[in-house]
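> Pasting the sequence and the predicted model now:
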Amino acid sequence: MSKTATLTDTPLPTDSEFEGAPATPVRGYWQSVLVRLSRDWVTLAFGVVVLFIICCAIFAPLIAPFDPYSQSIIGRLKPFGWRNHPWGTDELGRDLMSRLIYGGRISLVMGLAPVLVATIVGGTLGVVGGFAGKIANTAIMRTMDVFYAFPSILLAVAISGAMGGGITNGIISLSLVFIPAMCRVAETATAQIKNLDYIEAARASGAGTLAIVRHHVLGNVLGPVFIYASSLVSVSILLASGLSFLGLGVQPPEPDWGLMLSTLRQSIYVDPLGCAMPGIAIFITSICFNLVSDGVRAAMDVRE
Amino acid sequence: MLGYIIRRILFAIPIALGVSVVCFSLVYLAPGDPLQTVLPPDATAETIAIVKHAYGFDRPIPVQYVLWLWHVLHGDFGRSIATQRPVTLEVFGSVANTAMLALFAVPLSFLAGFSMGAVAGCFPGRIMDRLVTGAAVIGVSLPNYWLGLVLVIAFAVEYMVLPASGMGQQGSAAFNLFHWSDAKFLVLPVITLAMIPIGIIARTTRAAVAEVRGQDFVTTLRAMGLSEAAVIRHVLKNSSPQVLAVMGLQFGYLMGGSILVETVFTWPGSGFLLNKAIINRDIPVLQGTILALSLIFVATNLVVDLLQATLDPRIRRA
């Protein structure tokens, strides 16, 4: 687009040039996002790590060297490399490496599920709030403001604390924490395009509200919502393992990184290195999701 | 300005009421009867009815809410089920201890985060920028309760220079901030707590400085022949309102979000009290602490907004 043809110094294009393929291939939006992502090797590298962590979690039974639940009274809190246990054992003599690999399953589910729920519920509420009338908008958004008035970890702890521990309650409370923010993102995006001319044109040509939302609104809202959701994953993993650390999330004997951190904490003087391991797992997972999300955001930002 | 203040305060009142409704309904989220914990398992139906009447649980829920709110407005949060002490006393003492942590952590994170972000923003794309951006990502991705454990391993277990947990032998009542023997208990929790805000403030400062540097008035200053140091001073001054707003919000987050760090260091603050209340299923304490912390959060937001409007007249008109 940078070159503008002037009549004087460029020869007029011939007919064949008009009919042939354009000089630069025209890419669609998603295609250009992919192209930009493929050139961003930092994001790609961390994306590979994320894939590796997810694969470890999925194929845990094939990878883990030992049964994560089998205990041993004589083999408690052993150091790295003790009797083929590559990373030693925990306070009940269970293999630490196997528990960390299995722990990824629950920790990832606890991290991803609330974001998914919040994206669907919060996104829907936001689109409804943005597109429906003033009364519905006020009702939805003011309710969200109230939940927004709690610091996130406090709200999660309050709801989980009142309902009791457990994976399901943890997912519910974290979803409730993320819904208001997600709803705001979706509402802002909807409100921005709601009054544009092409929506007006669609309405004038007889399209119903549902059809307009499905064909014209959703496509514009999904981008910001997806970017926001991807940035929430790392927060969600941190909060979920925080809840388990407090005893409000995953319950023993299930292997979970936050819970392992909290039980191994008792033996911090005996086995400091083993005690630090689950935290390293949480940290690596969270930072990889964070950096991938930053890369995706940069690739999807058309303004550059 | 006065109009803006009044509008902003009027906006905060319904939110505070909504927050109180959420806190009140926590009782009904709890599985089973809220009185289960106080009643002996073999209580007769008559006893249950008497206790229910004494606690007001036999009335309709909206009436209960209004009564509860009325007591709360008079500073009466009820009595703790576990200790029988007034909830107000327990909450007040523990919130003061949390505030002590936050009051040290916020300036620390501002100093560290602002200087890191300013350096990064002044040299975008250079090695310093990359280092700061990387450190900021690490700061926000680090599970801070884990960092606390690592610091304990390093400084309390390996080298034994700092205490691992608590507030000293005399407890919180005799805590003297000006004696190193007491103050050293603050060091590790404050550093741990400051980690996330440092990352967030560094990111915000970097973005704000980079944005201000691109504005026309900076070019004008350069064209007028100001030295680079003088230009940077102008840039920093203009990016500070944004950073101050984020810092204010971080204070609110630290007040409400220190539960994990307080648990690691067994610091007798509000998060620790909350944790105890959850374990004992002590619903009045749970309600009181959460209400107090979230109202502090609402108030912090209000103060930050008003301060920002004072610094930046453009906001008042919005």
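Received it, and whenever you're ready, just let me know what you need.

> And stretch A:182-189, what's buried?
By 16 or more other CB atoms under 10 Å in any protein chain shown, the buried positions in stretch A:182-189 come out as A:182, A:183, A:184, A:185, A:186, A:187, A:189. Every C-beta, even on glycine, is put in place using the N, C-alpha and C of the backbone.

> Could you confirm whether that stretch reaches chain B?
No. Using CB under 8 Å from any CB of the partner chain, stretch A:182-189 never reaches chain B; the gap is at least 14.4 Å.

> and that stretch, how far out from the chain's middle?
Distance, stretch centre to chain centre, for stretch A:182-189: 17 Å (CA atoms, centre = their mean, to the nearest Å).

> One more: stretch B:142-154?
The mean C-alpha position of stretch B:142-154 is separated from the chain mean by 19 Å, CA atoms, centre = their mean.

> Briefly note if that stretch comes near chain A.
Yes. Stretch B:142-154 is in contact with chain A by CB under 8 Å from any CB, via B:142, B:143, B:145, B:146, B:147, B:149, B:150, B:152, B:153.

> hmm, back to that, just the buried residues of stretch A:182-189: which are in helices?
Secondary structure assignment by DSSP state H places A:182, A:183, A:184, A:185, A:186, A:187, A:189 of those in helices.

> Next, the contact list for the fourth one, please.
Taking CB atoms under 8 Å, 6 or more residues apart in numbering or on different chains as the contact definition, residue A:185 lies against A:122, A:126, A:224, A:225, A:228.

> And the pLDDT at residue 210?
Since no chain was named, I'll use chain A. pLDDT for residue A:210: 84.

> Chain B is the one I meant
For residue B:210, the model assigns a pLDDT of 87.

> picking up where we left off before, output the ones in helices among the buried residues of stretch A:182-189 as JSON lines; include the columns pLDDT and distance to residue A:147.
Below are these laid out as JSON lines (pLDDT from 0 to 100; distance: CB to CB, whole Å):
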{"residue": "A:182", "pLDDT": "92", "distance to residue A:147": "11"}
{"residue": "A:183", "pLDDT": "93", "distance to residue A:147": "9"}
{"residue": "A:184", "pLDDT": "91", "distance to residue A:147": "11"}
{"residue": "A:185", "pLDDT": "91", "distance to residue A:147": "14"}
{"residue": "A:186", "pLDDT": "91", "distance to residue A:147": "15"}
{"residue": "A:187", "pLDDT": "90", "distance to residue A:147": "14"}
{"residue": "A:189", "pLDDT": "88", "distance to residue A:147": "20"}
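
> nearest to residue A:30, of those residues?
residue A:189 (17.2 Å; CB to CB).

> does that closest one really touch residue A:224, like I thought?
Yes. Residue A:189 lies in contact with residue A:224 (CB atoms under 8 Å); the separation is 4.7 Å.

> just to revisit the earlier point, identify the farthest-apart pair in the contacts of residue A:185.
The distance between the two most remote of those (CB to CB) is 12.1 Å, for A:122 and A:224.

> where are the low-confidence patches of the stretch 51-200 of chain A?
Within the stretch 51-200 of chain A, the set of residues satisfying pLDDT under 70 comprises A:75, A:77, A:81-83.

> on that earlier part again, okay if I get the residues of stretch B:142-154 next to chain A as CSV plus neighbour count?
Output for the residues of stretch B:142-154 next to chain A, formatted as CSV (neighbours: other CB atoms under 10 Å in any protein chain shown):
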residue, neighbour count
B:142, 21
B:143, 27
B:145, 26
B:146, 28
B:147, 21
B:149, 27
B:150, 17
B:152, 24
B:153, 18
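
> quick check, nearest of these to residue A:154?
Of those, the one sitting nearest to residue A:154 (CB to CB) turns out to be residue B:145, at 15.0 Å.

> Contacts only, for the closest one.
Contact analysis of residue B:145 by CB under 8 Å, 6+ apart lists A:242, A:245, A:261, B:192, B:260, B:261, B:263, B:264.

> of all the residues you listed, which comes closest to residue A:172?
residue A:242 (15.8 Å).
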